[in-house]
Every structure is written in C-alpha cells, then in structure tokens.
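Undergrad: Sequence first, predicted model second:
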Amino acid sequence: MIISSAYAQSIGGGDIQSWTSFLPIVLMFVLLYFMMIRPQMKRQKELKTMLDALQKGDEVITSGGVLGRISKVSEGYVSLEIAANTEVQVQKSAVQTLLPKGTLKNI
C-alpha cells in the first residue's frame, strides 16, 4: 500500500477542556435569563394581578388606546363607558393600564 491509514489523535486532559468550552455558552444562558426572561415573567405576573383586581369604577386604557371607566366586569370581558351613555365591551386582556381615580376628568 502506498497510502497508510491515518488515525485521529486524542487530546490529553480532555475533561478540563470540554468544561471550559461549554462555559461561555452556559454564561450566555444565565445572562439571558436574568436580563430578558425573568423581567418578562415579572411583568406578566403584575399584569395578571392587575387584570384580576379590576372592578367597577376603575379607569383604564386599552391596548387600542381607548380610555374609559369600567361599568361592568365579567369573566372574560369588561364594559367600558367611553362617553356619556356610550359603552363598549372589550376583552379583559385588552386592558393595558389602570389609571388613578379622577384621571378622565382631567383629560
């Protein structure tokens, strides 16, 4: 035979080098968790508690930008009074912000 077989050489001390090669990836996932995932979970939890605490008379802003006072609350829907004798029904999940009392009078 003219060409001899070539065999891959094993690297000495492979245990330490395998851990150090994965260390940057592990650090990126830890950083991603604390910078993006954890704050998003906190915002979702705050939004859920705000939606569960909605009651008649609260002043809110919807995701579409409609301002109104809650006149009726049901399981999945909220009736907003956006003007005198004008009510609109929206899903609870469309409510984005709970305003302080008396905000609609100032606008």
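TA: Alright, I've got the coordinates.
Undergrad: in this protein, which spans are helices?
TA: With DSSP state H as the definition, the chain shows helices at residue ranges 14-32, 38-52, 103-106.
Undergrad: Determine which of those approaches Val66 most closely.
TA: Closest approach to Val66 among the helices of the chain (Cβ to Cβ): helix 103-106, 11.5 Å. (C-beta placed from N, C-alpha, C; glycine too.)
Undergrad: Just the C-alphas of the closest one, formatted as CSV.
TA: Output in CSV follows, covering the C-alpha atoms of helix 103-106 (Å, rounded to 0.1, in the frame of the first residue of the first chain):
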residue,chain,number,x,y,z
THR,A,103,-57.8,60.9,35.5
LEU,A,104,-60.6,61.0,33.0
LYS,A,105,-62.0,64.3,34.5
ASN,A,106,-58.6,66.0,33.9
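Undergrad: Which segments of this protein make up each domain?
TA: 12-53, 54-106 (automatic domain parsing).
Undergrad: mean confidence score for the last one?
TA: Predicted confidence along domain 54-106 averages 94 (mean pLDDT).
Undergrad: Can you get me the start-to-end distance on it?
TA: Start and end residues of domain 54-106 are separated by 21 Å (Cα to Cα, to the nearest Å).
Undergrad: Can you tell me the closest non-neighbouring residue to Lys101?
TA: In this structure, Lys101 finds its nearest non-sequential neighbour in Glu59, 6.6 Å apart by Cβ to Cβ, 6 or more residues apart in numbering.
Undergrad: No further queries at this time; thank you.
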